[in-house]
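Colleague: got a structure for you, letters missing:
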């Protein structure tokens, strides 16, 4: 039994009817007696299929030409979505056109892509149906199994299998190439860029175009538990360094047909893929356009450090220590923000996703609060707020009261120090701050089996020996430890580091200018944050400008049935998350 152009068995009505002319032809070729069939070469089947397909499609094309006009119909068929859409090569610059001779094509690859100079840049030349072809790919990023299946399929072609009067490349595209995602290009630059991403390019001698086959396979890892956003209950899968997998993790949780992921490339050399995600009928169009325009306006040779470099090129943080975007390693957090009207920016090779816009209060909320019931979630949120405030104000306030006892209220009689040690208090605080940072850096760069030992040695050196020698006093170690715990309790790592800088600034202000300096520094930092904007959104919203509903959402982890509206900060198209009568 024969196979059709898709590789399946051909059960046409003529073969099912033994009395038809087709059946008599088959009997003459291979049937010796009723019920027995002699196998025939694949080429015979292919020749017959090619002739039938050519006649069938010629009749269909003639009917379309008669009904719609030849040129209009042909143009429409070329522009059919998902079809063989080829632009006019004459519109390209001469140096950007694909050479029609395979020898010239190979020479161009040697000059432009490093063929024969780089071991992983390869071209596999083969002949399919008397047509010389070449597969251009990177051996380190191509999927061997997919390419092997393509070669097996094409190797069965014979010269008569290709349609007469149609380009061989178009026949490959429409009938013989067993690949899902295939595009066509006439640009040499576009072809090389697509291959550098990991695709394969199929070139046919004599054709000014190539087929781009999506058969890439990046080095990747399976989703693991997020490092910075761990939860007691909830999913344990976090983002990876592969963009497609990160998009799949979000779509698995947000199966909305209005969810959009626009793709862009950043960097003339790195060609880093960036996906802009948003819910079309929820997100503000101006916000989406602002993010899209800023990403498209980036003009740089590359962003090998992925999302952080993209943030600096788009958000323009300059010397501002506070993060103006929120990074998340959790797909459920990203999905929740998308439903609230935020825009997600996913950068290839990064295991975290940027969320825009963001506020100071977004950065101090954690997924664990939503994994508990409303009462416990509210309690955990307030404890976290206390830790964040302690990491900023505890040390400067204690230093201010210790140096100026007359400022201390009576009910805070326990604050202060009877002995100040051999070093001034301000110098003790600065040395302890630097010591904590050194321990944090050492723990990052120390192998995991040695981290515990390193922490114990550091704690003994700073907490015991330093006090006994008189360099530090016990109160400095105590309050510094509380402030450090508050910093580590801050969900955003970037915000925790920024709060440490603010703490040092308040300490120095209290040391130099006493109480007026502390008050002035606090006011200046607050005003500065109030004037800061993240993609045209106030950074201290809903505190400044004050929004009662938004502030209630910040202070309380409200029950889900009571949480019916989206934050007004995002200016969403659909404000309500639940029907009005629910």
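Modeller: Good, I have the coordinates. Everything quoted here is computed from the prediction, not taken from an experiment.
Colleague: Okay, now the unreliable bits of this protein?
Modeller: 1-87, 161-166, 461-462, 580-582 (pLDDT under 70).
Colleague: First-to-last residue distance for stretch 525-542?
Modeller: End-to-end span of stretch 525-542 (C-alpha to C-alpha, to the nearest Å): 17 Å.
Colleague: List the buried residues of that stretch.
Modeller: 525, 529-530, 532, 534-535, 537-542 (16 or more other C-beta atoms under 10 Å). From N, CA and C alone the C-beta is placed, and that goes for glycine too.
Colleague: cool, and stretch 335-351?
Modeller: So for stretch 335-351, counting by 16+ other C-beta under 10 Å, buried means 335-351.
Colleague: Would you point out the most distant pair within the buried residues of stretch 525-542?
Modeller: Taking C-beta to C-beta, the two most distant members of these are 525 and 535; they sit 21.5 Å apart.
Colleague: so is residue 127 in a helix, a strand, or just coil?
Modeller: strand (DSSP: H, G, I helix; E, B strand; the rest coil).
Colleague: ok, it - contacts?
Modeller: By C-beta atoms under 8 Å, 6 or more residues apart in numbering, the residues touching residue 127 are residue 133.
Colleague: Tell me how far it lies from residue 325.
Modeller: 53 Å (C-beta to C-beta, to the nearest Å).
Colleague: just so I have it, where are all the strands in this structure?
Modeller: Secondary structure of the chain (DSSP state E): strands at 121-128, 131-138, 182-185, 200-204, 210-213, 259-266, 272-279, 326-328, 343-347, 353-356.
Colleague: Which one of the ones you listed lies nearest to residue 300?
Modeller: strand 259-266 (7.3 Å).
Colleague: in the closest one, what's buried?
Modeller: When burial is assessed from 16+ other C-beta under 10 Å, strand 259-266 yields the following buried residues: 259-260, 265-266.
Colleague: Output the buried residues of stretch 525-542 in TSV; the columns should cover distance to residue 389.
Modeller: Shown next, in TSV, are the buried residues of stretch 525-542 (distance: C-beta to C-beta, whole Å):
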residue	distance to residue 389
525	13
529	14
530	17
532	19
534	22
535	27
537	23
538	20
539	17
540	15
541	19
542	18
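Colleague: which of these lies closest to residue 372?
Modeller: Nearest to residue 372 among those, with distances taken as C-beta to C-beta, is residue 542, at 22.9 Å.
Colleague: which residues touch the residue nearest to the closest one when sequence neighbours are not counted?
Modeller: Nearest non-adjacent residue to residue 542, counting by C-beta to C-beta, 6 or more residues apart in numbering: residue 550, 3.0 Å away. Taking C-beta under 8 Å, 6+ apart, we find residue 550 in contact with 541-542, 567-569.
Colleague: cool, residue 292 as well?
Modeller: So residue 292 contacts 262, 264, 276 (C-beta under 8 Å, 6+ apart).
Colleague: so the second one makes contact with residue 272?
Modeller: No. Counting by C-beta atoms under 8 Å, residue 272 is not a contact partner of residue 264; they are 9.2 Å apart.
Colleague: if we compare the strands of the chain, which one ends up closest to residue 105?
Modeller: Using C-beta to C-beta, these put strand 200-204 closest to residue 105, at 5.7 Å.
Colleague: Show me which residues of that closest one are buried.
Modeller: For strand 200-204, by 16+ other C-beta under 10 Å, it's 200-204.
Colleague: just stretch 356-366 next, same as before
Modeller: 356-366.
Colleague: try stretch 228-235
Modeller: For stretch 228-235, by 16+ other C-beta under 10 Å, it's 229, 231, 235.
Colleague: Return the member of those residues nearest to residue 440.
Modeller: residue 229 (18.2 Å).
Colleague: List the residues that contact the closest one.
Modeller: 238, 328-330, 333, 366-367, 491.
Colleague: need these in TSV with distance to residue 91, can you?
Modeller: Formatted as TSV, those follow (distance: C-beta to C-beta, whole Å):
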residue	distance to residue 91
238	45
328	43
329	44
330	46
333	45
366	53
367	51
491	52
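Colleague: so of these, which ones are in helices?
Modeller: Of the positions in those, 333, 367 sit in helices, assigned by DSSP state H.
Colleague: Roughly how far does the residue sitting nearest the centre point of the chain sit from residue 148?
Modeller: Note on the chain: the residue nearest the mean C-alpha position is residue 346, at 2.5 Å, using C-alpha atoms, centre = their mean. As judged by C-beta to C-beta, residue 346 and residue 148 stand 31 Å apart.
Colleague: Any idea how many residues pack against the nearest residue to residue 559 once chain neighbours are set aside?
Modeller: Excluding the flanking residues, the one nearest residue 559 by C-beta to C-beta, 6+ apart is residue 374, at 4.8 Å. Residue neighbour count, defined by other C-beta atoms under 10 Å, stands at 16 for residue 374.
Colleague: dump the residue contacts of residue 374.
Modeller: Taking C-beta under 8 Å, 6+ apart as the test, what residue 374 contacts is 556-559.
Colleague: Report the buried members of the residues you listed.
Modeller: Looks like these have 556-557 buried, using 16+ other C-beta under 10 Å.
Colleague: ok, the contacts of residue 374 vs residue 242, which is closest?
Modeller: Using C-beta to C-beta, the contacts of residue 374 come closest to residue 242 at residue 557, 33.1 Å.
Colleague: Was I right to think that closest one contacts residue 367?
Modeller: No. Contact criterion C-beta under 8 Å: residue 557 and residue 367 do not qualify, at 11.4 Å.
Colleague: Residues contacting stretch 252-265, please?
Modeller: So stretch 252-265 is contacted by 193, 247, 250-251, 271-282, 292, 295-296, 331-332, 335, 338-339, 346 (C-beta under 8 Å, 6+ apart).
Colleague: For that stretch, what is the spacing between the initial and final residues?
Modeller: 24 Å.
Colleague: In stretch 289-309, which residues are buried?
Modeller: Result for stretch 289-309 [16+ other C-beta under 10 Å]: buried residues 290-291, 294-295, 298, 303, 306-309.
Colleague: Those: which two are farthest apart?
Modeller: 290 and 306 (20.8 Å).
Colleague: What ranges does the stretch 451-582 of the chain have for its helices?
Modeller: 466-468, 474-488, 493-531, 548-555 (DSSP state H, counting those that start in this stretch).
Colleague: among these, which is nearest residue 452?
Modeller: Closest among the helices of the stretch 451-582 of the chain, using C-beta to C-beta: helix 474-488, at 16.3 Å.
Colleague: can you state the direction angle for the closest one and helix 493-531?
Modeller: Helix 474-488 and helix 493-531 meet at an angle of 90 degrees, taking axes from the mean of the first three to the mean of the last three C-alpha atoms, to 10 degrees as the criterion.
Colleague: Name the surrounding residues that touch helix 474-488.
Modeller: Applying C-beta under 8 Å, 6+ apart, the external contacts of helix 474-488 come out as 386-392, 394-395, 398, 402, 416-417, 421, 425, 428-429, 432-433, 436, 462-463, 466-467, 496, 499-500, 503.
Colleague: Derive a PyMOL selection command for the buried subset of those.
Modeller: Buried residues within the contacts of helix 474-488, by 16+ other C-beta under 10 Å, are selected in PyMOL with:
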select buried, resi 387+388+390+391+392+394+395+398+402+417+421+425+428+429+432+433+436+462+463+466+496+499+500+503
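Colleague: Okay, and which of the contacts of helix 474-488 map to helices?
Modeller: Per DSSP H, the subset of those in helices is 386-392, 394-395, 398, 402, 425, 428-429, 432-433, 436, 466-467, 496, 499-500, 503.
Colleague: Distance check, residue 540 against residue 551.
Modeller: From residue 540 to residue 551 the distance is 11 Å (C-beta to C-beta).
Colleague: repeat for residue 269
Modeller: 46 Å.
Colleague: Between these two, which has more neighbouring residues?
Modeller: Taking other C-beta under 10 Å, residue 269 and residue 551 do not tie; residue 551 has more neighbours (14 against 11).
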